[in-house]
Structures are given as C-alpha cells and as structure tokens.
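[1] Could you look at this predicted model? Sequence included:
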There are 2 protein chains.
Amino acid sequence: MKLTKNNLSEKLIINKYFKKLNFNKKGTFNFENDGAYLELNNINYKLSVTTDNISEDIDFFSNDDPKSIAQKITTVNLSDIFAMGSSPHSYILNLLMPNYINENWLSSFSNQLKKIQRKYGFYLMGGDLSKSNKLIISSTFFGHINKNLDIFQNKFNLNDDIWITGNIGDSKIGLEVLKGNILLEPQTRQYFIKKYLYPKPCKLGPLIATHINSMKDISDGLIGDLYDMLSSKFGALINVKNIPLSVNTKKILNTRNDFKIEDLLNAGDDYGLIIISNQKNRKKILSTAYKNNIKISHIGKIISEKGIHFDSHLDMKNIKKFDHFS
Amino acid sequence: MKLTKNNLSEKLIINKYFKKLNFNKKGTFNFENDGAYLELNNINYKLSVTTDNISEDIDFFSNDDPKSIAQKITTVNLSDIFAMGSSPHSYILNLLMPNYINENWLSSFSNQLKKIQRKYGFYLMGGDLSKSNKLIISSTFFGHINKNLDIFQNKFNLNDDIWITGNIGDSKIGLEVLKGNILLEPQTRQYFIKKYLYPKPCKLGPLIATHINSMKDISDGLIGDLYDMLSSKFGALINVKNIPLSVNTKKILNTRNDFKIEDLLNAGDDYGLIIISNQKNRKKILSTAYKNNIKISHIGKIISEKGIHFDSHLDMKNIKKFDHFS
C-alpha cells in the first residue's frame, strides 16, 4: 500500500491523521511498508471480506460533515461483515482526494474513524492515497468467524421466520428532509437527518449466527434486498403491520397523504439486517436481541408461492427499486 | 461487496465478465453474496495484504488498451505481494466506471485479468462496481507466506549487498516515446512502449524470502524507493556501472546527449525488486534468480555514511522524484 510516499504532504497526512488508526498492530509495520501481514489469533477462525465504495455526489456531498462520511464508509462495510455472522477485525482504506480536503477535514474524518474503530473493535491495516477531482472512498473490511460457519443469503426452508432489525425508512425520510421535500418541526427534523447522515450497522449478526439460515443487510431497501435473497424455489409473505417504523415515521404516515409506507419499502441506507431462521430458534433470537438492546421484528415467513406477498393491500407499482449503481 | 445488484446491467457485467474470474472458489459464493470467506489451507501460513488505486489521466489514459489497464492494476499490487516475500492468493476489485466502458472494453479487460490470474495462480474474491466520471480502479491483493517470516523494508546491516532485478528505465523511456519526446525506429519504439503499457511484476520475492534482510518493489524509481528503505542509521553506495539497463536503453544513452542515466534513476513503474541481503547469501540468491530466468544485478552495498552515494560522478540535482501522489 502507498501509505508511505515521499511527498511531504502525503507523509504528513499519514503520520498526523492515519497512523493513530493502526492501534500499533505489528502486522501494519506502522504504515512504513508497502503492505501488511494479517494473521488470525485463533486457528479455528477464517476471515470474511467485503468491500464498498462511496462517491461524492452519489452517496454524500462535498460539504457533508467529514464525520458523516466516515460513518457511512464504515457502516456500509461493517453492515456486510455483521451480516456474514462475523465480528469486525480490520480494514483497508483507499482515499481519492480532491484539493478541497484540508487538515481540518482530515482531522475530523480520522477522529470519527478512531471512535468507530474503538466502538466495534477493529484497526486500520493500510491503504492508499491518490488525487482525484471528486472524493471517492473505497474500503475493504475484514471480519472473523468460526471456520465451520458459512452464512448464506439464499438458503432456507418453507415456513422459516423472516425478521428485520431496526426501523425501515428513517434514513430515506432524512434524505427527503434535507432535499426540502418534507418540512418538519426542528426536533423531528434533526432525528431524521441524523438517521440519514449517521447510519449505524447492526451488530446482532455474529451473536445469532449459529441460529439462523440466512442473513443480509438492508442496504438497497427491504423489498429489493429480500427479493435478492429469495431463491427461485420460494417466496415470502409479509405482515405489513409488523414492518417496524419509528414513532416519528408513524406520525408522518398518519398525518400526510403524500407519503405512504410503500415509499419506505425500498428506501436504502437503513442498514438493519434481514434474518431468515427456523421457527424453533425464535426464543433464542428474540432473547439475544433483547439482551443486546437491539430492536427486532418478526415480519413474515417463507412460503411456496414465489415473489414477495403482503397480507394487506399495498400499491406496489409505486415501489421503485433503490439502486446505488444506476 | 456489491457485485450482486439488481440493476440488469450490473448483473450482466458480473455474470458475463467477472464470474469467470472467481475460479469457482467456494468462499466467493459465486458473487451471489455481499461478501466472501477467506481461509488459508495451510495453518502455517498468514496473509499479506496490499492495496493500490490507478486512475485515468494519472496512471493511464481513457483510450489505452483495456489489456494494459488490467496489466497495470495487477502488476502494481502483485509487485508488492512478491516484495513481501509472498505468493499471490486472491484479490478484490473495485471499479468506478464512466459511461464509455462498454462490453468490448469489459471483455478485453476481464480476459486479460483471467490470463494474469492463471499465470500467477490467484482468483477474484469479490468487488464493487460504481459509476464515476473518470475510470478509477482500486484493488486489494492477498498473498500467503509462512507465519514465521516477516519481510521488512528497512532492516539490514552494514556491508549487506544491494541487488535489483530487471532493468531500470525502460518503462520511463516508453512513456517519453508515447509523449513524442523520443523518436525511435519502429521495432525499438515498440519495445519501450510495451515495457510502459505492460509492466510485469518480479516473482523472485517469495523464492528468496528466507535469504534476505529487506525487500521492496521499485514503483517510484530506484533512488526514491531505496531512499525509503534506508533507515536513519545507514546509507548506500551504488556502483553506477552495475545499474542494469536494457541493450535498447544503452543504445539511447550512447547516442543522445539529451538523455542520461540520471534521468532513469527515478523513473517509476519498472517494478523490479530492491533486495538487501547478507553477503553470505550471494550464491543462493544468484542461483535462485538464474534458475528462474530472472535478471538480477548486484548494484552496491550498505555503508555507514547516510544517504545514497555513487562510485562515479552523477548530476544528482537533476534527479526529480517520481511521485504518483503529487
């Protein structure tokens, strides 16, 4: 990795803002080599690996708080690591930086990374810095999980429970608020904006990994991600009243005609987990979530009829898929 | 990783051009999950990890042959993996793609990747696709190496040998040829252009890993990279006549007044290795290189006087450091 270059400003960036993130782990060579060594302490573990890019004008804007950008690049990746039933281990950070990135920005960005690393227990293994006309952050995350465990996204049986963690739609409403499409009183406004700018991953995944059949994080919206999970063999029946919404979201749905639950079913960036498990594990899953203060909702079950079905009428033709790529 | 998105064209890209690169390895889930599992078969091994970005208009141009771009993103990374004394294992590929990337481009790019993967024995573990206004490729590579081995870049002793593999300057001359700054007859012209567009990593690293003290690949130029290696304790004495140059380069230096060896000492992108080793290992290193058809040159030794010194006069003030970052 090019974290050691001879250009003074690059050295300064690394020494002042990124070295503190390697937590003095031996294999990182304190970012003075072109690479790092990675060894799991426990020989019964294997690595899980995931990667995601976020780009200016697509996933965030240039004047967004660097703390929010740090939160987003770590959450999109940690969310996948947790969904693979794994615990965070370390990460690689590639920054493509435009000229507007200054020391204030780097200080705020790296301090937020440090805070998140401390919270979830992982370190920066290395990275690469380049110049660019837009800010692009590409990051590869590593987790660890027992060698004998494989968490699939599309392996389950008829009548399996479908669960989701957290609430649906808060982040999407936050984005609409920022765009000026929804006007709210200050406190509620702040609630939704925070959900959009500071998404949090759900750490339940590794805690229930041995009690589930499939798991995936909700990055592209409940319907889209659930649809990705359903194999050609099965479908899903969703109990609409069980879809978890925050108190603030319910208030908006109850008081406005121009905003419906359909608008939230494919809202991206909530980063809860979709969990599919055998009914016999209900108690275990519920009690683990409860013990860890994680909201979990039993929203439906796997059925033989293909596709996604709802137990009450929804105007599905209005549901547009959320897609980072298009 | 987002290699599975619901957008038809993204699915098409993955299915048609990238799935063939996972070599059916189980942990990749055939790119149908958001992540991959990575397990080394040998419990005596650890992973080495390195990452590099290449960007349009900096490291390549939009009309470059996609085969050349595939060659560059793999060589910059494989070169680091070999320099860490490791053998290639797998990689993650993040593509940020402008609209001009079409199926022809993807076909040519992915076929070249497949060829390189087959040659060096590694597979694609996953990746992420995004849209962008310029083509940016960010890749993280994994190698494996015995747990007990650590290849440093700055650990050596007085009088240690300094070696380099391959030739210095061919790639730089290729770039100057393409820029129109050097005019040559067709065959020599093609020789240099090929060296610039299709750089090759040097696989000697893992073969001599137990017989060296330090190793680094030459990505930013011989002087710059050697300078990075020298600790504050030591310096290097270089025998100028031993610096390896191709026959074609020697011909240029002998016939032109406007191009000197000084111009090549900080030429980037040759991707040979700088190796520092105890004199007692000379025979072993030479015979291993010879057996593997790798050109290796003994160019100097570690001395107590700090800095880089030459045994004949060089006009060093004209040597400008090559830097991908500035």
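    Looks like it came in fine.
[2] low-confidence ranges in the stretch 101-250 of chain A?
    Flagging of the stretch 101-250 of chain A using pLDDT under 70 yields an empty set of residue ranges.
[3] Residue A:236 reaches residue A:303, doesn't it?
    Yes. Contact criterion C-beta atoms under 8 Å: residue A:236 and residue A:303 qualify, at 6.6 Å. Every C-beta, even on glycine, is put in place using the N, C-alpha and C of the backbone.
[4] what sits in contact with each of those two?
    Common neighbours of residue A:236 and residue A:303 (criterion: C-beta atoms under 8 Å, 6 or more residues apart in numbering or on different chains): residue A:309.
[5] who has more neighbours, these two?
    Using other C-beta atoms under 10 Å in any protein chain shown, the more surrounded residue of residue A:236 and residue A:303 is residue A:236, with 25 against 16.
[6] Is stretch A:255-269 in proximity to chain B?
    No. Figure legend: stretch A:255-269 not in contact with chain B (C-beta under 8 Å from any C-beta of the partner chain); closest approach 10.2 Å.
[7] Show me what counts as buried in that stretch.
    Residues of stretch A:255-269 classed as buried by neighbour count (16 or more other C-beta atoms under 10 Å in any protein chain shown): A:259, A:261-269.
[8] Can you list the residue ranges for strands in the stretch 201-326 of chain A?
    Counting by DSSP state E, counting those that start in this stretch, the stretch 201-326 of chain A has strands at residues A:214-217, A:235-238, A:273-277, A:296-303, A:307-310.
[9] actually the stretch 1-150 of chain A, not the one I wrote
    Under the criterion DSSP E, counting those that start in this stretch, the stretch 1-150 of chain A contains strands at A:36-38, A:45-55, A:87-97, A:123-131, A:136-146.
[10] and the fourth one, which strands flank it?
    Strands that pair with strand A:123-131, judged by DSSP bridges, come out as strand A:87-97 (parallel).
[11] got the CA positions of the strand it pairs with in PDB?
    The C-alpha coordinates for strand A:87-97 follow below in PDB (Å, rounded to 0.1, in the frame of the first residue of the first chain):
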ATOM      1  CA  SER A  87     -17.000  -9.800  14.100                       C
ATOM      2  CA  PRO A  88     -15.000  -6.800  12.700                       C
ATOM      3  CA  HIS A  89     -11.300  -7.400  12.500                       C
ATOM      4  CA  SER A  90      -9.600  -4.700  10.400                       C
ATOM      5  CA  TYR A  91      -9.800  -2.600   7.200                       C
ATOM      6  CA  ILE A  92      -8.100  -1.100   4.300                       C
ATOM      7  CA  LEU A  93      -8.900   2.500   3.300                       C
ATOM      8  CA  ASN A  94      -8.300   4.000  -0.100                       C
ATOM      9  CA  LEU A  95      -8.900   7.700  -0.400                       C
ATOM     10  CA  LEU A  96      -9.100   9.500  -3.700                       C
ATOM     11  CA  MET A  97      -9.000  13.100  -2.600                       C
END
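[12] ok, is stretch A:202-218 in contact with chain B or not?
    Yes. Using C-beta under 8 Å from any C-beta, stretch A:202-218 reaches chain B at A:216-217.
[13] quick one: buried residues of that stretch?
    The neighbour-count check on stretch A:202-218 (16+ other C-beta under 10 Å) flags A:202-209, A:211-218 as buried.
[14] likewise stretch A:34-50?
    Neighbour-count burial for stretch A:34-50 flags A:34-38, A:40, A:45-50 (criterion: 16+ other C-beta under 10 Å).
[15] how far is that stretch from where the chain is centred?
    21 Å (C-alpha atoms, centre = their mean, to the nearest Å).
[16] Endpoint to endpoint, stretch A:288-296 covers what distance?
    Using C-alpha to C-alpha, to the nearest Å, the end-to-end distance of stretch A:288-296 comes out at 10 Å.
[17] ok, now stretch A:231-239?
    Using C-alpha to C-alpha, the two ends of stretch A:231-239 sit 20 Å apart.
[18] ok so, going back, next step: the buried residues of stretch A:202-218 restricted to helices.
    Taking DSSP state H as the definition of helices, these contribute A:204-208.
[19] which one among these gets closest to residue B:164?
    Closest approach between those and residue B:164, by C-beta to C-beta: residue A:206, at 46.4 Å.
[20] correct me, but residue A:211 touches residue A:281?
    Yes. Contact between residue A:211 and residue A:281 holds when scored by C-beta under 8 Å: they sit 4.2 Å apart.
[21] Which one of the strands of the stretch 1-150 of chain A lies nearest to residue B:291?
    strand A:36-38 (27.0 Å).
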